[in-house]
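Enquirer: Take a look and give me a structure for this.
(one chain, ligands or ions: 1)
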Amino acid sequence: MNKKIKLINILKLIYLALILIFIVGFVFLIKYKIILYVLAIYLPVIIGLYLAIHILRIKTYSYKCPSCNHLFKISLVKDIMSYNSGIGMKVLICPKCNTKEVMKEVIE
Ligand SMILES: [Zn+2]
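Expert: Residues are numbered from 1 along each chain as shown. Presented below is the predicted three-dimensional model:
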């Protein structure tokens with residue numbers, strides 16, 4: 001497997017684990033009134049991880065238009081905002097022929 005993809009998967013796991021821990025710990029945090037302190041540390045870490053995952057994704061993956069075969073990369077904002085349709089698929093608009101289609105991730 002590609003090194004970058006491995007890294008993305010590891011970061012995704014850490015990200016999901018942190019969110020799970022947060023959800024589980026939420027009740028306790030509110031009870032002991034330390035929620036704000038924990039959030040102050042937690043939120044930047046989670047946001048940082050989230051951005052790191054997406055930055056790695058746009059550097060690793062390209063998308064191939066099924067109608068004109070044009071290979072293109074997407075921006076960070078597009079990667080975050082665009083609709084995911086299954087694993088490794090996104091609904092995107094081809095910059096060359098303007099087709100809106102489900103496009104598959106391609107590793108360069
Ligand atoms: Zn196209």
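Enquirer: Flag every residue of this structure that's near the ion.
Expert: 65, 68, 70, 94, 96, 97, 99 (CB under 5 Å from the ion). C-betas here are computed from N, CA, C, even on glycine.
Enquirer: Those, buried ones only, as a ChimeraX selection?
Expert: Listed next is the ChimeraX selection for buried residues among those, using 16 or more other CB atoms under 10 Å:
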select :65,70,94
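Enquirer: In helices only, show me the residues of the chain next to the ion.
Expert: Assignment to helices by DSSP state H places none of these there.
Enquirer: Could you check how far whatever helix or strand residue 11 lives in is from the centre of its chain?
Expert: With secondary structure defined by DSSP states H and E, residue 11 is part of helix 3-31. In terms of CA atoms, centre = their mean, to the nearest Å, the centre of helix 3-31 is set 13 Å apart from its chain centre.
Enquirer: List the buried residues for that helix?
Expert: 8, 11, 15, 29.
Enquirer: among those residues, which one has the lowest pLDDT?
Expert: In terms of pLDDT, the least confident member of these is residue 29, at 72.
Enquirer: pretty sure that one is touching residue 38, no?
Expert: Yes. The criterion here is CB atoms under 8 Å, and residue 29 meets it with residue 38 at 5.5 Å.
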